[in-house]
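Asker: need the 3D shape of this:
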Amino acid sequence: MMTVAEPLNRLVPIESIGGIALVNIIAIVILFLLCFFSGFIAKSFFGKRLFESVDNKLQAVPGYSLFKARVTGSIGTEFQKSELKPVKIVQGEKFQVGFAVEATSDGYVVVYLPTAPDPWTGNIVYCKESLLEPMNLSK
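Answerer: Predicted structure coming up:
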């Protein structure tokens, strides 16, 4: 707010409490309008296309899908259907639940295995695709 309020100091005398309050109110209104128009642009066709373009380029960054899921709080929701697929790693009579992050060209899959009690900590394993069974989880 000070970044916005400092240039206003030259326009509005701030020797009094009323001047300080006026500068702060003007700064708050400017920040509110900036946020409002940023949201308006983000909802527009151009904003959505820009977001999709940046998002698609960031998919190449290792761990981006997991980070995005954590920030949006959406592992297990509609978001994950295209990026984090719940799977079971079958090992004989037992299995472990994880999230398939991406497949490699040599028949292996990168799987994130969350741990308890914090599912945001865990292990990354590479396993053969034949050991994985997809899980259909509903809400």
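Asker: C-alpha from now on. contacts and neighbour counts both.
Answerer: Fine.
Asker: is it fair to say residue 105 lies in a strand?
Answerer: No. The assignment for residue 105 (DSSP: H, G, I helix; E, B strand; the rest coil) gives coil, which keeps it out of a strand.
Asker: what's the neighbour count on residue 48?
Answerer: The local packing of residue 48 (other CA atoms under 10 Å) involves 12 other residues.
Asker: where does residue 116 sit: helix, strand or coil?
Answerer: From three-state DSSP, the assignment for residue 116 is coil.
Asker: and the strands in the protein, which stretches?
Answerer: Taking DSSP state E, the strands of the chain run over residues 85-91, 94-103, 108-114, 122-128, 132-134.
Asker: okay, the second one in PDB with CA atoms only?
Answerer: The C-alpha coordinates for strand 94-103 follow below in PDB (Å, rounded to 0.1, in the frame of the first residue of the first chain):
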ATOM      1  CA  LYS A  94       0.000 -56.200  -1.000                       C
ATOM      2  CA  PHE A  95      -0.300 -52.900  -2.700                       C
ATOM      3  CA  GLN A  96       0.500 -49.200  -2.100                       C
ATOM      4  CA  VAL A  97      -1.600 -46.300  -3.200                       C
ATOM      5  CA  GLY A  98       0.100 -43.500  -5.100                       C
ATOM      6  CA  PHE A  99      -0.300 -40.900  -7.900                       C
ATOM      7  CA  ALA A 100       1.000 -41.500 -11.400                       C
ATOM      8  CA  VAL A 101       2.800 -38.300 -12.300                       C
ATOM      9  CA  GLU A 102       4.100 -39.100 -15.800                       C
ATOM     10  CA  ALA A 103       5.100 -42.000 -18.000                       C
END
